[in-house]
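[1] just coords:
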Ligand SMILES: NC(=O)c1ccc[n+]([C@@H]2O[C@H](COP(=O)([O-])OP(=O)(O)OC[C@H]3O[C@@H](n4cnc5c(N)ncnc54)[C@H](O)[C@@H]3O)[C@@H](O)[C@H]2O)c1
């Protein structure tokens, strides 16, 4: 094939740069517009929503909210009692819900779960990867078992669920994957070294998955991603929160957190923090050099004290 003349090559690159700048500006204007006028909430009536860790805390609250919105809720947990209670709560409110016991760290069990759910209920429209644990103590006091479990549940559990449920979403070019990261996935916190690592990993998984699908030759724009980064939610997971300025950094009720999470899913937001103002304060914080960041961390004096 004849080589492209130099002048054509240069003109083509100039055209590509102009085209890219126009598209970048359009996306920035669209994003600014969405800050003022949020995207409408999508209708999930009849959709199949699967929530892991549905037997307690935020998972339960998210599941019951989707039940009230008319979705068919697939509740997944390792804890049968809690999971059944969530299903009963949804049914009591005239919702449709199904209970499945599954350990998200067991890849074979997760693959079987996907088959069973598809056969019994149908193809999952919204996957909420919520199950997680949080051993809280200095890193040298964390046992091998605790560290392995943190990574297995919080990180690998997400990956197995994605491997099990993404293929059907790709076939239909439709679906939504929601991941529970944390503010501990956006900043380092004492007593949470493995946990912070696992929650940074969750954000990495979600960001790279979005890039991978964007570059996939198939049409994948019907698949959406939402990452949730709560700070401290009163579910019992954080036993010893230490908060210096209560008025500014309040802990959040699980119901309020779930309202914000479901709203973010319905509006197809890319990432939210709970409380929402932490989204921007964290971005400003990240502009500081690490040593200045430490001074700010000392002043704010907020975090978690160790517990068994
Ligand atoms: N509570 C917080 O302050 C907070 C803050 C930020 C992020 N998060 C994250 O939000 C998610 C939910 O937190 P929560 O406070 O509601 O937790 P929780 O402890 O109240 O509930 C977690 C649920 O996950 C289930 N689970 C644990 N291991 C499992 C496994 N291997 N397979 C299947 N299910 C399993 C538990 O049985 C439980 O029902 C977690 O990923 C957590 O890391 C929580």
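    Good, I have the coordinates. What you are looking at is a predicted structure, and each value in this text was computed from that prediction instead of being measured.

[2] And the helices in this structure?
    6-36, 57-68, 80-92, 107-120, 144-151, 157-172, 193-214, 254-266, 278-285, 290-300 (DSSP state H).

[3] remind me which residues of the stretch 1-150 of the chain are low pLDDT?
    Residues of the stretch 1-150 of the chain that meet the criterion pLDDT under 70 lie in 1.

[4] hmm, back to that, and the helices of the chain, which is most packed in?
    helix 57-68 (a mean of 25; mean count of other CB atoms under 10 Å). Placement of C-beta: from N, CA and C, glycine included.

[5] Other residues contacting it?
    Here helix 57-68 makes contact (CB atoms under 8 Å, 6 or more residues apart in numbering) with 44, 49, 51-54, 73, 75, 77, 82, 85-86, 89-90, 93, 95-97, 126, 128, 130-131, 180, 230, 233, 235-237, 254-255, 257-259, 261-262.

[6] now swap in stretch 36-52 and tell me
    By CB under 8 Å, 6+ apart, the list of residues contacting stretch 36-52 from outside reads 59, 62-63, 66, 69-77, 102, 104, 117, 121-131, 157, 161, 165, 263, 266-269.

[7] In contact with the residue nearest to residue 196 when sequence neighbours are not counted, which residues are there?
    Nearest residue to residue 196, sequence neighbours excluded (CB to CB, 6 or more residues apart in numbering): residue 184, at 4.6 Å. Taking CB under 8 Å, 6+ apart, we find residue 184 in contact with 192, 195-196, 199.

[8] how about the residues of the protein near the ligand?
    Contact residues, the chain versus the ligand (CB under 6 Å from any ligand atom): 52-53, 55-59, 77-79, 82, 103-105, 130-134, 153, 180, 182, 230, 232-233, 235-238.

[9] ok, of those residues, which come out buried?
    The neighbour-count criterion (16 or more other CB atoms under 10 Å) marks 52-53, 55-59, 77-78, 82, 103-105, 130-132, 134, 153, 180, 182, 230, 232-233, 235, 237-238 among the residues of the chain next to the ligand as buried.

[10] mind checking the longest strand of this structure?
    Identified as the longest strand of the chain according to DSSP state E is strand 223-230.

[11] Look up phi and psi at the residue of the stretch 101-250 of the chain found nearest the ligand.
    As assessed by CB to the nearest ligand atom, the ligand sits closest to residue 132 within the stretch 101-250 of the chain, at 2.2 Å. When read as degrees, to the nearest 10, the backbone of residue 132 gives phi -170, psi 160.

[12] Thought residue 152 was touching it, still the case?
    No. The criterion here is CB atoms under 8 Å, and residue 132 misses it with residue 152 at 10.9 Å.

[13] ok, back up a step: ok now the longest strand of the chain, how far from the chain's centre?
    Distance of strand 223-230 from the chain centroid (CA atoms, centre = their mean, to the nearest Å) equals 4 Å.

[14] Stretch 79-89 too?
    Relative to its parent chain, stretch 79-89 has a centroid offset of 22 Å by CA atoms, centre = their mean.

[15] Mind listing residues that contact it?
    For stretch 79-89, the surrounding residues in contact (CB under 8 Å, 6+ apart) are 54-56, 59-60, 63-64, 67, 73, 75-77, 97-101.

[16] sorry, back to before: now the residue nearest to residue 196: how far from residue 249?
    14 Å (CB to CB, to the nearest Å).

[17] ditto for residue 169
    Distance, residue 169 to residue 249, using CB to CB: 37 Å.

[18] do residue 69 as well
    Separation of residue 69 from residue 249 (CB to CB) stands at 30 Å.

[19] Could you do residue 142 as well?
    Distance from residue 142 to residue 249, counting by CB to CB: 25 Å.
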